[in-house]
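>>> Provide a 3D model corresponding to the input given below.
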Amino acid sequence: MSEQQSIKLAFPAALTAIVGMTKRLIQRLAQPWLAQLVLRFALAVPFWKSGILKWHGFLHLSDTAIDLFTQEFQLHLPGGPYPFPHPAVIAFLSGCGEVTFPVLLVLGLGTRFAAVGLILMTCIVELTVPDGWPIHLTWVGMALAIAAWGPGLFSIDYVLGDQSPRS
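Here you go, the predicted structure:
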């Protein structure tokens with residue numbers, strides 16, 4: 001057998017070996033518990049970052065948050081846009097949800113509840129910022145995965161008994 005023929009035979013075997021090693025590495029890394037943990041943190045970050053800006057001390061909304069819901073934010077419904085009803089109340093509830101739900105997600109406490117809460121908040125955000133649908137769709141996808149498959153091994157919910165089959 002010539003050297004060229006042996007190289008031709010060795011190349012597919014090497015490629016097959018590399019593909020096999022890559023597949024095994026991916027299978028080791030892509031564990032359900034790790035995906036669940038990363039999803040919880042990834043979903044928590046944008047809501048936390050938005051929510052923390054709405055506060056100027058404990059249970060004291062910043063003036064900017066109230067101004068946003070009074071003057072800037074509008075509900076884009078048919079025939080609208082319309083102003084938010086009771087903007088100070090909506091700003092307060094929004095700020096509470098944007099801080100509380102991410103903390104629950106990160107801790108893995110009431111995780112499914114927090115995920116559903118963020119789905120509902122995302123629906124309101126979509127009505128407020130309809131051009132943001134690509135990122136909003138991503139948030140809903142992450143929240144649905146968390147609600148469907150649970151918090152995972154590294155969560156308070158798991159210790160308390162939410163040991164879903166996919167954990």
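
>>> CA atoms for contacts and neighbours, from now on please.
Will do.

>>> Export only the CA atoms of the helix or strand harbouring Val125, formatted as PDB.
Per DSSP states H and E: Val125 is located in helix 111-128. Output of helix 111-128 as PDB, limited to C-alpha atoms (Å, rounded to 0.1, in the frame of the first residue of the first chain):
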ATOM      1  CA  THR A 111     -38.900  28.400  40.600                       C
ATOM      2  CA  ARG A 112     -41.900  27.400  38.500                       C
ATOM      3  CA  PHE A 113     -44.000  30.200  40.000                       C
ATOM      4  CA  ALA A 114     -41.200  32.700  39.300                       C
ATOM      5  CA  ALA A 115     -40.900  31.500  35.700                       C
ATOM      6  CA  VAL A 116     -44.600  31.800  35.100                       C
ATOM      7  CA  GLY A 117     -44.500  35.300  36.700                       C
ATOM      8  CA  LEU A 118     -41.800  36.300  34.200                       C
ATOM      9  CA  ILE A 119     -43.800  34.900  31.300                       C
ATOM     10  CA  LEU A 120     -46.700  37.200  32.300                       C
ATOM     11  CA  MET A 121     -44.400  40.100  32.800                       C
ATOM     12  CA  THR A 122     -42.800  39.500  29.400                       C
ATOM     13  CA  CYS A 123     -46.300  39.600  27.800                       C
ATOM     14  CA  ILE A 124     -46.800  43.100  29.300                       C
ATOM     15  CA  VAL A 125     -43.300  44.100  28.200                       C
ATOM     16  CA  GLU A 126     -44.200  42.900  24.700                       C
ATOM     17  CA  LEU A 127     -47.300  45.100  24.700                       C
ATOM     18  CA  THR A 128     -45.200  48.000  25.800                       C
END
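
>>> I'd like to know which elements that helix is packed against.
On a contact count with 3 or more CA pairs under 8 Å, 6 or more residues apart in numbering; DSSP states H and E, helix 111-128 meets strand 74-75, helix 87-107, helix 133-149.

>>> which element follows the last one toward the C-terminus?
Next along the chain after helix 133-149, taking DSSP H and E as the criterion, comes helix 156-160.
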